[in-house]
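K.L.:
Predicted model and sequence below, questions to follow.
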Amino acid sequence: GQRASVTLLDGSTAALGADTKLVIAPDFGTTLRAVKLDGAALFTVAPGQEREFYVRAGNTTVTATGTTFAVHAYPGDETSVVAVREGSVRVKAAGETRSVEAPRGVVVTEDAVRDASPAEVEEALGWTEDKFVVANRPLRQALKAITRWYAKDLVVRDSALLTRPVTVKASLESSGDAIAALEKTGKLAFGYEGQTMVLRDAGGASKNNR
């Protein structure tokens, strides 16, 4: 659930999301401006530099000069998202290169690049505004995100529930609000089994106090 901020040698900044690793090239700022990302980050790229700024995330390379953009690319996720807040970037992935301008974004899969929906852009940028956003995703994906951002492990005994779609918009300061959104949109009930936090189908479960 921790976040951090890094200022690079060229004056660019990177706000890092939870469970994120940023690798900075040893010769950053001298022969190249390049970083490697595993996770989520918001980059504000210092303008007026001779060399372009590169972010490598999985099979995606993002190139910028002076702009602000987010990359959401966690290892193991089926997709990654590049969302532009200000200016424009070039995204190279899956054998093609696209120019992406604010306030738009793209979704990258293993073999394709497509335009991101407004909801997907909101998911990618939400944490930069202290919001936790999951837009109509299977419960399995939402639980993984809750563990990442809130450091909360919720158990689902009935595996059939893991494909149920849920939508969450909550403050990153309140795991309770996020769990309440899971209950409401997924027709689920939250409770405890000893110290274990459990989600059940609301149709047959009684709710315990949080």
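P.N.:
In hand now; what should we look at?
K.L.:
tell me the centre residue of the chain?
P.N.:
Centroid check for the chain by C-alpha atoms, centre = their mean gives residue 72 as the closest residue, at 4.2 Å.
K.L.:
Distance check, the closest residue to residue 151 other than its chain neighbours against residue 18.
P.N.:
What sits nearest to residue 151 in space, not counting adjacent residues and going by C-beta to C-beta, 6 or more residues apart in numbering, is residue 1, at 4.4 Å. Where C-beta positions appear, they are placed from N, C-alpha and C, glycine not excepted. As for residue 1, its distance to residue 18 is 5 Å (criterion: C-beta to C-beta, to the nearest Å).
K.L.:
Would you mark the buried spots in the helix or strand bottoming out on mean pLDDT in the chain?
P.N.:
Least confident element among the helices and strands of the chain, by mean pLDDT, DSSP states H and E: helix 118-126 (a mean of 92). Across helix 118-126, burial judged by 16 or more other C-beta atoms under 10 Å covers 120, 121, 122, 123, 124, 125, 126.
K.L.:
Can you list the low-confidence ranges for this protein?
P.N.:
Low-confidence segments of the chain, defined by pLDDT under 70, span residues 204-210.
K.L.:
Now do the helices in it.
P.N.:
With helices called from DSSP state H, the chain shows them at 118-126, 139-150, 175-186.
K.L.:
Redo the ones you listed as TSV? Include distance to residue 161.
P.N.:
Converted to TSV, these look like this (distance: least, C-beta to C-beta, whole Å):
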stretch	distance to residue 161
helix 118-126	21
helix 139-150	6
helix 175-186	8
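K.L.:
and residue 51, which of those helices is closest to it?
P.N.:
Across those, residue 51 has its closest neighbour in helix 118-126 (25.7 Å, C-beta to C-beta).
K.L.:
Could you figure out how far the closest one is turned away from helix 139-150?
P.N.:
Helix 118-126 and helix 139-150 are oriented at 20 degrees to each other (axes from the mean of the first three to the mean of the last three C-alpha atoms, to 10 degrees).
K.L.:
now what about the least confident helix or strand of the chain, what contacts it?
P.N.:
If you take C-beta atoms under 8 Å, 6 or more residues apart in numbering as the criterion, helix 118-126 is touched by 40, 42, 70-72, 81-83, 85, 103-105, 107, 116, 132-136, 169.
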